[in-house]
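Undergrad: generate a structure from the sequence data that follows.
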Amino acid sequence: MIRARLRPALGVLVVAGVLGGAGCTASRVPPADQPVFVGSSASSTPSASLPPVAPSVGVPSPSANGTLPGTTPVGTRAPVVDHGPRVGNKVALTFDADMTDAMLANLRTGRVRSYANLRILDLLERERVPATFFLTGKWVQRYPEVTRRIAGNPRFELANHTYGHAAFIGDCYDLPVQPVGELRGDVAKTFEVIEAYGGRQTRYFRFPGLCHDAAALDALAPLGVTVVDGDVVSGDPFATAWKPLVRAVLDHVRPGSVVIMHVTEANAAMTDEALPHILAGLRERGLVPAPLSEVLAA
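TA: Prediction:
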C-alpha cells in the first residue's frame, strides 16, 4: 500500500510506502493537480544505571543476496520511506552528522569546539545500542577517526546525508542551496567517501532538512538509493533543554518508527542529555532499538 502526502512544514511532496516490507504512514492526499510519487521524521537518570539493551544485529552488510540495505532498481525514481511496519517492537535510532562550510569555518576560528558528540557514541557503545548514522562527506573528512569508530561497531550502520549538507530545493531552513543537477554527483561522492571506512554500509540517503521534491527524487534515480525521512523528529537542533526532546520522541514513537536525532555536538547540545531518558522510555514501552535495515525489513 502506497500513499502520497504533503509535508506541510516543508511545502514539498513526499511519499511513505512499502519497500522490502516497510509500512506506510497515515497521509493527506494531495490535490488533483499535484503529482503522486510512487515509492517508499522527568527526572534525571544516570546513564550508567540503565540496563544494557539487548543487541539486535541480525542483518549483515551486504545483505544475504549480495546487495546493500536500501538498494533499489537503478533508473527508477528514488523511493521515500518514513517508517517500517507497525508490528513487532523494533525502532530505528538515526543520527545525522551535518557539516557545512560555515560549520567548518566555525571550527577553524575556534568559535565552535566540536560538531562530533562523543558522549552519544560512548553511551550507545556502553549500552550496546544499535543505531544508524547519516553522514555528510565533509563531516567524515573532518572527523575520520570518529567515522572509523562508527564503522568499526557492528551495531552501527552508515548512511548518506549529502556531501556538504546543502539543500537541493529552495527555502529549506536557510541551508545553502545547490542546483538539483549537482545532486547525483554530490551523493555519489559522499558514498565514495563513506565506503572507504567499511563497516555496515547501506544505500540509505537522507536529504538535509528532509527537503525534497520530484526533481530531486528523479535526480537520484541513477544511484539506486532509498530516501529515508523519519516519523519521529526529536527537535534536537539548537535545543536548550533536554526534557522536550525526550517528550517529542516518547510521545510519538511506535513500533517501526524511525527517530531523527543529531550527533553534531555544538548544534545539538542536549541530545546526549536526552538520550539516556529516551532509551529508558523505550524500554518501558517494550521497544527495542535496531539498525534501520532491520526496522524497514521487519
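Undergrad: let's verify Leu158: helix, strand, or coil?
TA: Three-state assignment for Leu158 (DSSP: H, G, I helix; E, B strand; the rest coil): strand.
Undergrad: just checking, it touches Gln201?
TA: Yes - the criterion here is CB atoms under 8 Å, and Leu158 meets it with Gln201 at 5.7 Å. Using the backbone N, CA and C atoms, a C-beta is placed for each residue, glycine as well.
Undergrad: which one of those two is surrounded by more residues?
TA: Here Leu158 and Gln201 are compared on neighbour count by other CB atoms under 10 Å; more neighbours surround Leu158, at 24 against 20.
Undergrad: and that one, how far from Asp171?
TA: 30 Å (CB to CB, to the nearest Å).
Undergrad: look up the closest residue to Gln178, ignoring the ones flanking it.
TA: In space, Gln178 comes closest to Ala166 once its chain neighbours are excluded; the distance is 4.3 Å by CB to CB, 6 or more residues apart in numbering.
Undergrad: could I get the phi/psi values of the one you found?
TA: Torsion angles at Ala166 (phi, psi; degrees, to the nearest 10) stand at phi -90, psi 160.
Undergrad: so it touches Gly209, yeah?
TA: No - using CB under 8 Å, Ala166 is not in contact with Gly209, being 10.0 Å away.
Undergrad: show me the contacts for the residue nearest to Gln178.
TA: Applying CB atoms under 8 Å, 6 or more residues apart in numbering to Ala166 gives the contacts Thr100, Leu175, Pro176, Val177, Gln178, Asp186, Pro208.
Undergrad: and it, how close does it get to Leu250?
TA: Noted for Ala166: a distance of 32 Å to Leu250, by CB to CB.
Undergrad: quick one, what contacts Asp218?
TA: Arg77, Ala78.
Undergrad: any idea which element Arg203 lies in?
TA: For Arg203, the element it lies in under DSSP states H and E is strand 200-205.
Undergrad: show me what that strand is packed against.
TA: When contacts are defined as 3 or more CB pairs under 8 Å, 6 or more residues apart in numbering; DSSP states H and E, strand 200-205 sits against strand 131-135, strand 156-160, helix 183-195, strand 226-228, helix 292-296.
Undergrad: quick one: the ones you listed as a markdown table, columns for distance to Trp242 and mean pLDDT too.
TA: Shown next, in a markdown table, are these (distance: least, CB to CB, whole Å; pLDDT from 0 to 100):
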| stretch | distance to Trp242 | mean pLDDT |
| --- | --- | --- |
| strand 131-135 | 18 | 99 |
| strand 156-160 | 23 | 98 |
| helix 183-195 | 29 | 98 |
| strand 226-228 | 25 | 98 |
| helix 292-296 | 24 | 98 |
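Undergrad: would you mind giving those as a markdown table with distance to Ser234 added?
TA: Below are the helices and strands packed on strand 200-205 laid out as a markdown table (distance: least, CB to CB, whole Å):
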| stretch | distance to Ser234 |
| --- | --- |
| strand 131-135 | 13 |
| strand 156-160 | 17 |
| helix 183-195 | 23 |
| strand 226-228 | 15 |
| helix 292-296 | 16 |
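Undergrad: grab the nearest non-local neighbour of the residue nearest to the spatial centre of the chain.
TA: Nearest to the geometric centre of the chain sits Thr94, at 4.4 Å (CA atoms, centre = their mean). Leaving aside its sequence neighbours, Thr94 sits nearest to Thr132 (CB to CB, 6+ apart; 4.7 Å).
Undergrad: mind listing what the one you found touches?
TA: 92-95, 156-159, 202, 204, 291-293.
Undergrad: could I get those in TSV, plus columns for distance to Ala274?
TA: Output for those, formatted as TSV (distance: CB to CB, whole Å):
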residue	distance to Ala274
Ala92	17
Leu93	12
Thr94	15
Phe95	12
Phe156	19
Glu157	21
Leu158	23
Ala159	22
Thr202	25
Tyr204	23
Pro291	21
Leu292	20
Ser293	25
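Undergrad: show me which of those residues are buried.
TA: 92-95, 156-159, 202, 204, 291-293 (16 or more other CB atoms under 10 Å).
Undergrad: and which of those is nearest Gly84?
TA: Ala92 (7.3 Å; CB to CB).
Undergrad: where do the helices sit along the stretch 151-298 of the chain?
TA: In the stretch 151-298 of the chain, the helices defined using DSSP state H, counting those that start in this stretch lie at 183-195, 214-219, 243-250, 271-284, 292-296.
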